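**Q** here is the input, now give the coordinates:
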Amino acid sequence: MAITTTCPACEAGFNLPDELAGQMVRCQRCEQTFVVPMPPESAAPAPATTPPVAETRATDEAAPATLAEVPKRKPPVPVSGAGVGWTIALVALFLFSVLGSSVFGVVWIIVHLGPPIQAASARPVLPPIENRDAGPRKDDRIALDKDRFKDIAVKDRPRFDKDLLDKDRKFKDFPPPLVVPVPIVVGFDGRAFINGRTEKPVGIDDGKWNQDGPYRLHKIQLQQGKTYNFHVSSNHFTPRVQIFDGDNKLAECVGAGPLQAWRAMLAFQPKRSGEYLILINSVERFPTGFFAMSIAPENRPVVATAADLTAKTTYTHFGQLRVEDPLEVSPKKYGPYHEYDVTLEADKDYTFTVVGQFNVIPVLQIHEDKRVLEHVGGDRKIDFNDFRVAAAYRPPNSGKYRVRVTSKDFGLVNYTLTIATKAVAVQTILAALDGTGAFVDQRELSPSDPKLAGRGHYKAYLITLEQGKKYRIEMTQKGVATSLILLDPIEQKVGDVTGAPLIITAQRTGMYKLRVAASLPKAREPYSLRITTEP
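**A** Below is the predicted model:
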């Protein structure tokens, strides 16, 4: 006697022998296992144990133990026999043949509209004995655990996950993982750049690294004999950068920062080639503080930039303070610097101006023999004038002076240096010929008078000359050579002599400008100027 039933998963119909009642079989179409129901005429209960199956696949997992655990679906109307199925198949085949259907359609009809699989071809499967009453399968249990795992806090996940995978071992039996320094990739030119944030990893054996709060640990390869500059800029906290060789601290710098920028910088020259550790944290023990670090080998210029203020009155240079520039080791926490060799003249006033950018305060240093004259820009104000420095300087001797431009609090900045000769007002004297056509004057030249290149200090006279008349101009001073320069009313030079009188015939009538110059004598002596009209 046959039992008519359907697969609860794919609803495929089967006619099974009554000796399979109460046993578990596998559907050949969807590979789903299910229990064969008891025949209606039999009220006998299902056997307490299920007989072994004829064949069990190696990859099969444990199946549900009872029929109640299998999803139930409404079975279709039982099929009376194989003849009805074949009749429907032949009718469909005839219709497709008449309509010119393809071979694929014929094959499809035979496969899908053929008689149900015979009970002999169904292979019952019995789950392993040890898992028969274990409830849900292992895969289902792990899936449920994973769903619950999503709701666990991040800090508890490592422990929760280990408890799920191995309930016989406790989390305390697992040693915490050690800190792994993040490697820094150095470019072909020895430079590197990284950014990150200070944090304290959960479940990590920090050892000594977290003694000063959240941190970031890196490792880098350095070469012996090279000087490396490390510059760290942070986001509203005071950074601290330290360099270690194993457990030995070799260098440390605590940053500083006015206004809206916080920076730290140090120069380090390793005594061996190899790997070093770099620890970054903050004075405020600030977690998740963002920072950026630049690393570059020092690039020290062989000679300083030259500037000659004797040949011209103004010198301007657009510079940049960079990570690779030399770093001044000072408790004042000055940044990298740029140096100039400036040629100046004695007893002459000069103005030095350095203009930087926002958040960087420039510093100007003038080295004079054994002392350093230092000028620092403003501070603690949000004003453009705070980021510039201006200084007046009169050198005691003529020659070269070392001038250094740096910054406060390790600032990197573009700047403009301007050196100019201080403008000196020229003393202008109005001269007028008397009734005899003569003019006589006596005065002294002083260091406050402007200079003519190579001729000493000078004064200027304005005098009216008439066209066609001849004039003799003579300047005398004891012990020094004198010079005379005459400009006509349209500022053209019409006379220039040194150590001799100037004789000239005026080509036009008007106001002429006369410059009288001489070197300053050791003993201050007045000069004499005499202008006469020649017949």
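
**Q** what's the pLDDT at the nearest residue to residue 186 once chain neighbours are set aside?
**A** Excluding the flanking residues, the one nearest residue 186 by CB to CB, 6 or more residues apart in numbering is residue 192, at 4.8 Å. For glycine as for every other residue, the C-beta is placed from the backbone atoms N, C-alpha and C. pLDDT, residue 192: 95.

**Q** how many residues are close by residue 273?
**A** 11 (other CB atoms under 10 Å).

**Q** residues touching it, list them.
**A** 221, 222, 223, 224 (CB atoms under 8 Å, 6 or more residues apart in numbering).

**Q** coming back round to it: distance of the residue nearest to residue 186 from residue 348?
**A** When distance is defined by CB to CB, to the nearest Å, residue 192 is 47 Å away from residue 348.

**Q** same thing with residue 359?
**A** Applying CB to CB to residue 359 and residue 348 gives a distance of 35 Å.

**Q** now swap in residue 434 and tell me
**A** Residue 434 is 37 Å from residue 348, by CB to CB.

**Q** of those two, which one has the most company?
**A** It is residue 348, of residue 434 and residue 348, that has more neighbours when counted by other CB under 10 Å, with 18 against 8.

**Q** now do the helices in the stretch 201-350 of the chain.
**A** Along the stretch 201-350 of the chain, counting by DSSP state H, counting those that start in this stretch, no stretch forms helices.

**Q** tell me where the model's unsure across it.
**A** Applying pLDDT under 70 to the stretch 201-350 of the chain flags residues 201-203, 205, 257-261.

**Q** tell me the bridge partners for residue 464.
**A** Note on residue 464: beta-bridge partners by DSSP bridges are residue 511.

**Q** just give me the residue closest to the centre of the protein.
**A** The geometric centre of the chain, computed from its C-alpha atoms, lies nearest to residue 292 (CA atoms, centre = their mean), at 5.1 Å.

**Q** who touches the residue nearest to that residue when sequence neighbours are not counted in this structure?
**A** Leaving aside its sequence neighbours, residue 292 sits nearest to residue 195 (CB to CB, 6+ apart; 4.3 Å). By CB under 8 Å, 6+ apart, the contact list for residue 195 reads 290, 291, 292, 293.

**Q** and the two most separated of the residues you listed?
**A** 290 and 293 (11.3 Å; CB to CB).

**Q** what about the residue nearest to residue 186, neighbour count?
**A** Neighbours of residue 192 (other CB under 10 Å): 17.

**Q** give me every residue that touches it.
**A** 184, 185, 186, 220, 294, 295, 296.

**Q** filter those down to the buried ones.
**A** 184, 186, 220, 294, 295, 296 (16 or more other CB atoms under 10 Å).

**Q** what's the last one in contact with, if anything?
**A** Neighbour list for residue 296: 190, 191, 192, 228, 229, 322, 323, 324 [criterion: CB under 8 Å, 6+ apart].

**Q** and the residue nearest to residue 459 when sequence neighbours are not counted, what does it touch?
**A** Computed as CB to CB, 6+ apart, the closest residue to residue 459 that is not its neighbour in sequence is residue 427, at 5.0 Å. Neighbouring residues of residue 427 by CB under 8 Å, 6+ apart: 449, 459, 460.

**Q** out of the residues you listed, which sit inside strands?
**A** 459, 460 (DSSP state E).

**Q** may I ask which of the contacts of residue 427 has the most neighbours?
**A** Counting by other CB under 10 Å, top hit in the contacts of residue 427: residue 459 with 22 neighbours.

**Q** so it is in contact with residue 451, correct?
**A** No - using CB atoms under 8 Å, residue 459 is not in contact with residue 451; the gap is 11.6 Å.

**Q** list the contacts for the closest residue to residue 367 other than its chain neighbours?
**A** Among residues not flanking residue 367 along the chain, residue 402 sits closest, at 4.1 Å (CB to CB, 6+ apart). Applying CB under 8 Å, 6+ apart to residue 402 gives the contacts 304, 339, 340, 341, 342, 366, 367.

**Q** quick one on the thing from earlier: now tabulate the buried ones among the contacts of residue 192 in CSV and tack on distance to residue 487.
**A** Compiled in CSV, the buried ones among the contacts of residue 192 are given as follows (distance: CB to CB, whole Å):
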residue, distance to residue 487
184, 68
186, 65
220, 68
294, 57
295, 61
296, 56
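
**Q** tell me which of the residues you listed is nearest to residue 495?
**A** residue 296 (60.3 Å).

**Q** ok, now how distant is that closest one from residue 191?
**A** 5 Å.

**Q** what do these two both touch?
**A** What both residue 296 and residue 191 touch, as defined by CB under 8 Å, 6+ apart, is the set residue 324.

**Q** mind listing what's buried along stretch 233-240?
**A** For stretch 233-240, by 16+ other CB under 10 Å, it's 233, 234, 237, 238, 239, 240.

**Q** backbone dihedrals for residue 18, please?
**A** Main-chain dihedrals, residue 18, degrees, to the nearest 10: phi -70, psi -20.

**Q** would you agree it is in contact with residue 5?
**A** No - if you go by CB under 8 Å, residue 18 and residue 5 don't touch, sitting 11.3 Å apart.

**Q** if I pick the residue nearest to residue 358 when sequence neighbours are not counted, what's in contact with it?
**A** Counting by CB to CB, 6+ apart, residue 387 is the residue found nearest to residue 358 once chain neighbours are left out, at 6.2 Å. The neighbours of residue 387, taking CB under 8 Å, 6+ apart as the test, are 355, 356, 357, 358, 359, 360, 361, 362, 377, 378.

**Q** go again using 7 Å as the cut-off
**A** Counting by CB atoms under 7 Å, 6 or more residues apart in numbering, residue 387 touches 356, 357, 358, 360, 361, 362, 377.

**Q** thinking again about what came up before, who does the residue nearest to the centre of the chain bridge with?
**A** Bridge pairing for residue 292 - DSSP bridges - gives residue 195, residue 233.

**Q** likewise for residue 338?
**A** Going by DSSP bridges, residue 338 forms beta bridges with residue 405.

**Q** just the buried residues from the contacts of residue 296, in PyMOL please.
**A** Only the buried entries of the contacts of residue 296 go into this PyMOL selection, using 16+ other CB under 10 Å:
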select buried, resi 190+192+228+229+322+323+324
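
**Q** and the two most separated of the contacts of residue 296?
**A** Taking CB to CB as the measure, those span a maximum distance of 14.5 Å, between 192 and 322.

**Q** before we move on, back to that, can you tell me which of the contacts of residue 192 are in strands?
**A** Using DSSP E, the members of the contacts of residue 192 that fall in strands are 220, 294, 295, 296.

**Q** these two touch, right, the first one and residue 276?
**A** Yes - with contact defined as CB atoms under 7 Å, residue 220 and residue 276 form a contacting pair (5.9 Å).

**Q** one step back: higher neighbour count, residue 18 and residue 5?
**A** residue 5 (21 against 14).

**Q** dump the residue contacts of the more buried one.
**A** 14, 16, 36, 37, 75.
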